[in-house]
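Asker: sequence and predicted structure, then a few things I'm wondering about:
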Amino acid sequence: MPSHPPRTFGSVSVAMVTPMKPGGKLDIPAAQRLARHLVDSGADSLVLSGTTGESPTTHQPEKDELVTAVVEAVGEEAMIIAGAGSNDTAHATRIATAAERTGAHGILVLTPYYNRPSQEGVYRHIRTVVEATSLPAMIYDIPGRTGVAVGDEILDRFAEHPQIHAVKDATGNVAQGFDRMRRTGLEFYSGDDNLNLAWLVHGASGVVSVVGHVEVARYAQMVAAVDAGDLFGARDLSAQLAPVVEALMGTGQGAVMAKAALQLQGHLEHRSVRSPLVEANDAELADLRTALILHGLLKDTDR
């Protein structure tokens, strides 16, 4: 049987939304229930307080409370990865150290956004945040949101760091990513749901998925098919998933649409988000409902 790549951070991770009540207060019991549902459905890893978790508009005590609660709910069955993202190195460091203190198993560290530092600045920022804890770290490369990419030279330096094990690649440049994966020996995780199959068949360790909120079981099947060398089966699963990926990610508002889908399915009571995000409107909700029903993810009698 074919062997699979190393998986420090699991193989099927969901970039989990942060459940909120109307008005924006965190709904911690709902977060625990959602985490339980996702793990029971096939996730072996959860990312908390990432982009989909509305990390720019949630704050330190809330992030800590969320980590504590989710670790309590599913920490013995899944790897809990805490986002430690900020354009302020000192702030990101505080987030990371608190995540370790509250029980996270790993951290996700992204390039600083908006202030667009030099590559040396990116290197020093990420290294400082990583070394503030003893946890394994995944670098998040998403230049479309941060405005600055991880360059080859600093990535090669990161590959030598004992705590840095992986990269979540959301650059959209898969050819570059495949070369980097081979060259550095780092574990790579797909950060774009529409590219998950491409990454997996080229040796990626797994996926960090938004669409996994509603399709985590099918993603687990895809990973298993690739591991078994069943590329035709994996391709068929990818084709089945494509319309759902479009339904959730086509607007570019993954957090908004994932919460809407979870509300439609009954896993969340509210689809509330924090400004500047705006919750899905009636038209978007109707289109999403149709897509979920069409693909067997929602009964047509559900309201």
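Answerer: That came in fine, so what should we check first?

Asker: tell me how many other residues crowd Thr8.
Answerer: When neighbours are defined as other C-beta atoms under 10 Å, Thr8 has 19 of them. In short, each C-beta sits where N, CA and C put it, glycine included.

Asker: let me see the contact set for it.
Answerer: By C-beta atoms under 8 Å, 6 or more residues apart in numbering, Thr8 lies in contact with 106, 136, 138, 165-166, 187, 205.

Asker: now the residue nearest to Gly103 when sequence neighbours are not counted: which helix or strand?
Answerer: The shortest distance from Gly103 to any non-neighbouring residue, by C-beta to C-beta, 6 or more residues apart in numbering, is to Val71 (3.9 Å). For Val71, the host element (DSSP states H and E) is helix 60-74.

Asker: same thing with Ile293?
Answerer: Applying DSSP H and E as the criterion places Ile293 in helix 282-294.

Asker: pull out the buried positions in that helix.
Answerer: 284-285, 288-289, 291-292 (16 or more other C-beta atoms under 10 Å).

Asker: show me where the stretch 51-200 of the chain has strands.
Answerer: Using DSSP state E, counting those that start in this stretch, the strands of the stretch 51-200 of the chain run over residues 79-83, 106-110, 137-141, 164-169, 187-190.

Asker: looking at those strands, which is closest to Val201?
Answerer: Nearest to Val201, of all the strands of the stretch 51-200 of the chain, is strand 187-190, at 10.8 Å by C-beta to C-beta.

Asker: next, count neighbours for the nearest residue to Ser11 once chain neighbours are set aside.
Answerer: Nearest residue to Ser11, sequence neighbours excluded (C-beta to C-beta, 6+ apart): Gly206, at 3.7 Å. For Gly206, the count of nearby residues is 28 (other C-beta under 10 Å).

Asker: repeat that for the one 3 residues further on.
Answerer: When counting by other C-beta under 10 Å, one arrives at 29 neighbours for Ser209.

Asker: now it: phi and psi?
Answerer: phi -120, psi 140 (degrees, to the nearest 10).

Asker: chain center to the helix holding Ile293: distance?
Answerer: Distance, stretch centre to chain centre, for helix 282-294: 23 Å (C-alpha atoms, centre = their mean, to the nearest Å).

Asker: any weak-confidence spans in this protein?
Answerer: 1-2, 301-303 (pLDDT under 70).
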